[in-house]
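> Please find the sequence and the predicted model below.
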Amino acid sequence: MYATALPVGGQDTVDSLAVAVTFDDLPARGSLYTMRDTTEKLLRVLVANRVPAVGFVNEAKLFAGNEVDARTELLTAWLDAGFELGNHTYSHVAIDQVPFETYRADLIKGEAVTSRLLAARGRRLRYFRHPQLRTGPTPEYKAALDQLLRDRGYRVAPVTIDNNDFVFSAVYERARRAGDGATMVRVAEAYVPYMASVVSHFEQLSLKLLGYHLKQTLLLHANELNADQLEALLAMFRGRGYRFVSLDEALADPAYSLPEAPASRGLSWLHRWMLAKQLPMEPEPLEPEFVRELFMAAQRQ
């Protein structure tokens with residue numbers, strides 16, 4: 001066991017587990033019909049369960065033929081339901097494949113519609129989420145990006161509970177398109193237990209590194225699988241003793257001020273803090289082998 005020193009007030013009791021829920025890649029995956037269905041399901045469950053949430057937008061998804069207004073209405077629906085929107089870059093740009101100026105331009109381009117929708121409600125764009133959780137391929141690149149974010153008034157939205165929901169989602173959506181209901185059921189039944197194993201993993205890392213239960217930040221994607229399984233996923237968290245908090249409340253936990261190690265690949269912030277202390281990473285739980293095999297088969301096609 002190991003723990004790091006935190007400011008007074010950083011500790012939490014075992015029975016006060018808390019998590020902030022966030023969604024990447026808004027408005028959603030798929031066609032306009034699928035986007036609408038996904039958005040309606042996600043918002044209905046979040047509102048019914050009184051779960052605060054922040055959705056991170058890729059504005060490139062809005063610009064499809066004559067569907068711009070209809071797709072923008074999906075973002076409006078998030079705001080009308082009382083949730084917050086953040087910037088996830090315009091095109092989900094890959095930070096390790098473009099120079100800084102290209103990334104900078106894509107980030108700024110991703111503000112236009114979201115800022116306007118927020119401004120109409122007397123609010124502003126506050127949060128930025130790095131695509132693929134990649135913060136910079138070099139220390140110099142990361143420093144330049146960090147400065148850009150400060151200059152534009154952003155706070156980075158970290159993730160502590162990272163996971164491979166996108167792997168399950170890709171298999172689930174492919175099965176739906178193929179009319180393969182049996183595979184959809186099998187994937188859905190494996191998803192929440194997998195997520196429970198991931199949550200347990202990061203709970204234990206928090207206790208080892210910090211000595212208490214961190215207010216966690218959960219990354220999910222706006223996709224069909226999460227739309228169909230969100231109720232069960234929230235029930236899993238509640239069954240483990242969690243309460244759902246805003247991202248603001250989660251980030252008030254002093255752990256989020258800890259130094260983070262440079263990371264050219266996507267990592268949980270718990271792992272970044274561990275690496276900064278020269279502690280070894282601990283492998284995360286893997287998705288079931290059948291899900292991984294179906295995902296890899298789809299990738300090869």
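All right, it came through fine.

> Every contact and neighbour count from this point should use C-alpha atoms.
Fine.

> Strands along the stretch 101-250 of the chain, start to end?
Here the stretch 101-250 of the chain has its strands, by DSSP state E, counting those that start in this stretch, at 127-128, 155-156, 216-221, 243-244.

> average pLDDT across the last one?
The one in question is strand 243-244. Summarised as a single mean, pLDDT over strand 243-244 is 98.

> if we can go back for a sec, could you identify which of the strands of the stretch 101-250 of the chain is most buried?
strand 216-221 (a mean of 23; mean count of other CA atoms under 10 Å).

> Give me the distance from that one to the chain's centre.
Relative to the chain's own centre, strand 216-221 is displaced by 4 Å; criterion: CA atoms, centre = their mean, to the nearest Å.

> Okay, helices next: where are they in this protein?
For the chain, the helices defined by DSSP state H occupy 32-48, 68-80, 100-109, 112-119, 139-151, 165-177, 181-210, 224-239, 247-251, 269-276, 289-300.

> what's near enough to touch residue 133?
159, 265, 266, 267 (CA atoms under 8 Å, 6 or more residues apart in numbering).

> Of those residues - the most surrounded one?
Of all the contacts of residue 133, the highest neighbour tally under other CA atoms under 10 Å goes to residue 159, namely 23 neighbours.

> wait, that one sits on residue 217?
Yes: with contacts counted by CA atoms under 8 Å, residue 159 reaches residue 217, the gap being 5.1 Å.

> Name the surrounding residues that touch stretch 271-291.
For stretch 271-291, contacts defined as CA under 8 Å, 6+ apart pick out 164, 167-168, 171, 187, 190, 194, 197-198, 201, 209, 258-263.

> Look up the pLDDT of residue 5 for me, please.
45.

> Dump the contacts of residue 133 to TSV, plus pLDDT and distance to residue 44.
Converted to TSV, the contacts of residue 133 look like this (pLDDT from 0 to 100; distance: CA to CA, whole Å):
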residue	pLDDT	distance to residue 44
159	98	24
265	86	34
266	92	30
267	96	30
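
> Out of those residues, which comes closest to residue 90?
residue 266 (18.7 Å; CA to CA).

> Looks like residue 93 contacts residue 106 (just checking).
Yes: if you go by CA under 8 Å, residue 93 and residue 106 touch, sitting 7.1 Å apart.

> ok, which pair from the contacts of residue 133 is furthest apart?
159 and 265 (13.2 Å).

> and residue 121, how many neighbours?
Residue 121 sits with 10 neighbouring residues when counted by other CA under 10 Å.
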